[in-house]
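In: Just the structure for this:
(one chain, ligands or ions: 2)
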Amino acid sequence: MYLKRLSLINFKNIGQQELPLAAGINCFVGDNGAGKTNFIDAVYYLSMSKSAFGMTDTQSVRHGEEFFLLEGQYAHADGRNEQIVCSFARRGGKVLKRNGKEYDRLSEHVGLIPVVIVSPADASLVSDAADERRRYLNGCISQLDRGYLNAVMRYNAVLSERNRYLKIGSDEDMLLIYDRQLAEQGQLIHAKRQEFVGRLQPVVETYYARLSGERERIELLYRSELSETPFLELLQRSRQRDLVNQFTTSGIHRDDLVLRINGYPLRKFGSQGQQKSFLVALKLAQYRLVDEQRGEKPILLLDDLFDKLDTGRVEQLIRLVSGDDFGQILITDCNKVRLERILGRQKCPYVLNVVENGGIIR
Ligand SMILES: Nc1ncnc2c1ncn2[C@@H]1O[C@H](COP(=O)(O)OP(=O)(O)OP(=O)(O)O)[C@@H](O)[C@H]1O
Ligand SMILES: [Mg+2]
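Out: Ligands and ions are numbered 1, 2, ... in the order given. Model (predicted):
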């Protein structure tokens, strides 16, 4: 599947733009603040119905305007076409349509057009608290598994009900009802996370080795209390503590991904470029898994290609993604000369878009 044509109205600093895209590599170059990342985010929006950068719908409407509208025309590998429209009005809210028909729920759309993004914002996956990594994991698995997203939404709903109840009551039977519901969804989520990370791990290691020229060894592990103890038992064991704290102190909402380099925590002992390489390897592995499971190559968004990577690693990255294993790619960089030099050296065909002031000028 690839995006053939993108239309934008009032999306961030982009007033109005129509943009044909190639099935292979599409480059966006221009100065800082020109709007390159905004184009990337628009493509992400059409797949995930939200910003990749934590901007709210309201913040994504161009200043002084009332709405934004994004339209994507996609072509499947078998020739079928797909039209997705995502619009948001300050007063009317968000509407998502597939081939003219509105979705009942936005979550029904997630996964139809798989997308994987690599951007400087990924750094928060290494530097921030565990909930950032859980959010990432949820996003990945949701694109592969509709049931997973539903389980997470149900789990979160029961969790907040249980937490609310812990502030006002302590009835054993009541808590047991919550516990059973949490355990049912929680065990399912745990099993899927474990399975996903298990499959991801060897692929991340392989990609990292290729990016770094086998300089360092990395590890990716899934850590969860549920790996040692069944959830229901955990909940019963921590009940007294929950009543004292007035919230649920154990469960899959405390899971984490452990990232290590040469046996040590990546956050403390990885250089900036090593951390970035880890994240790139992680995203490429995610890409591989989606392709394998869905038989559909995601759209790959490489925002700020040279961010923290040395030329050797950027070249290796381009070599990796320009092969047959990858499909459509959107790349941004502020330096046209540098980007063209790298792509030229790999002899891969590409289309160049020059971005200025929220528009494509060439
Ligand atoms: N809702 C909005 N309305 C108008 N302008 C906006 C809105 N949201 C963001 N912008 C503007 O978009 C610009 C940033 O665009 P973008 O992040 O795409 O730049 P970029 O080309 O990727 O730059 P860099 O090279 O620094 O990454 C900023 O000038 C920002 O103020
Ligand atoms: Mg940018």
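In: what residues are up against Y2?
Out: Listed by CB atoms under 8 Å, 6 or more residues apart in numbering, the contact set of Y2 reads L21, A23, Y74, A75, I299, G327, Q328. C-beta: built from backbone N, CA, C; applies to glycine.
In: can you rerun that using 7 Å?
Out: Applying CB atoms under 7 Å, 6 or more residues apart in numbering, we find Y2 in contact with A23, Y74, A75, I299, G327, Q328.
In: what's the answer for E315, then?
Out: Counted by CB under 7 Å, 6+ apart, E315 has contacts I342, R345.
In: Also K36?
Out: F28, G30, T332, V355.
In: Show me where the stretch 101-250 of the chain has its strands.
Out: For the stretch 101-250 of the chain, the strands defined by DSSP state E, counting those that start in this stretch occupy 101-102, 115-118, 218-223.
In: Among those strands, which comes closest to N38?
Out: Closest to N38 of those is strand 115-118 (CB to CB; 13.3 Å).
In: outside of the closest one, which residues touch it?
Out: Residues contacting strand 115-118 (CB under 7 Å, 6+ apart): 43-44, 47-48, 52, 279-280, 283, 286-287, 298-303.
In: Inside helices: which ones of the residues you listed?
Out: Under the assignment DSSP state H, those contribute V43, Y44, S47, M48, L279, V280, K283, Q286, Y287 to helices.
In: between those, which is nearest F196?
Out: Q286 (9.3 Å).
In: How about the contacts made by the closest one?
Out: V116, C140, L200.
In: Among those, which has the minimum pLDDT value?
Out: Least confident by pLDDT among the contacts of Q286: that is C140, with 92.
In: And that one, how far from A123?
Out: Counting by CB to CB, to the nearest Å, the gap from C140 to A123 is 18 Å.
In: quick one: which of the two has more around it?
Out: With other CB atoms under 10 Å as the criterion, C140 and A123 differ in neighbour count, and C140 comes out ahead with 23 against 15.
In: Can you show me the CA trace of stretch 218-238 as PDB?
Out: C-alpha atoms of stretch 218-238 as PDB (Å, rounded to 0.1, in the frame of the first residue of the first chain):
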ATOM      1  CA  ILE A 218      22.000  -4.400  22.400                       C
ATOM      2  CA  GLU A 219      19.100  -6.100  24.200                       C
ATOM      3  CA  LEU A 220      15.400  -5.400  24.300                       C
ATOM      4  CA  LEU A 221      13.300  -7.100  27.100                       C
ATOM      5  CA  TYR A 222       9.800  -7.000  28.200                       C
ATOM      6  CA  ARG A 223       9.400  -6.600  32.000                       C
ATOM      7  CA  SER A 224       6.100  -7.300  33.700                       C
ATOM      8  CA  GLU A 225       5.000  -8.500  37.100                       C
ATOM      9  CA  LEU A 226       2.600 -10.800  35.300                       C
ATOM     10  CA  SER A 227       5.500 -12.800  33.900                       C
ATOM     11  CA  GLU A 228       6.100 -14.200  37.400                       C
ATOM     12  CA  THR A 229       2.700 -14.300  39.000                       C
ATOM     13  CA  PRO A 230      -0.800 -14.700  37.600                       C
ATOM     14  CA  PHE A 231      -2.600 -11.300  37.700                       C
ATOM     15  CA  LEU A 232      -5.400 -12.300  39.900                       C
ATOM     16  CA  GLU A 233      -3.000 -13.500  42.500                       C
ATOM     17  CA  LEU A 234      -1.000 -10.300  42.200                       C
ATOM     18  CA  LEU A 235      -4.100  -8.200  42.800                       C
ATOM     19  CA  GLN A 236      -5.000 -10.300  45.900                       C
ATOM     20  CA  ARG A 237      -1.600  -9.900  47.300                       C
ATOM     21  CA  SER A 238      -1.500  -6.200  46.800                       C
END
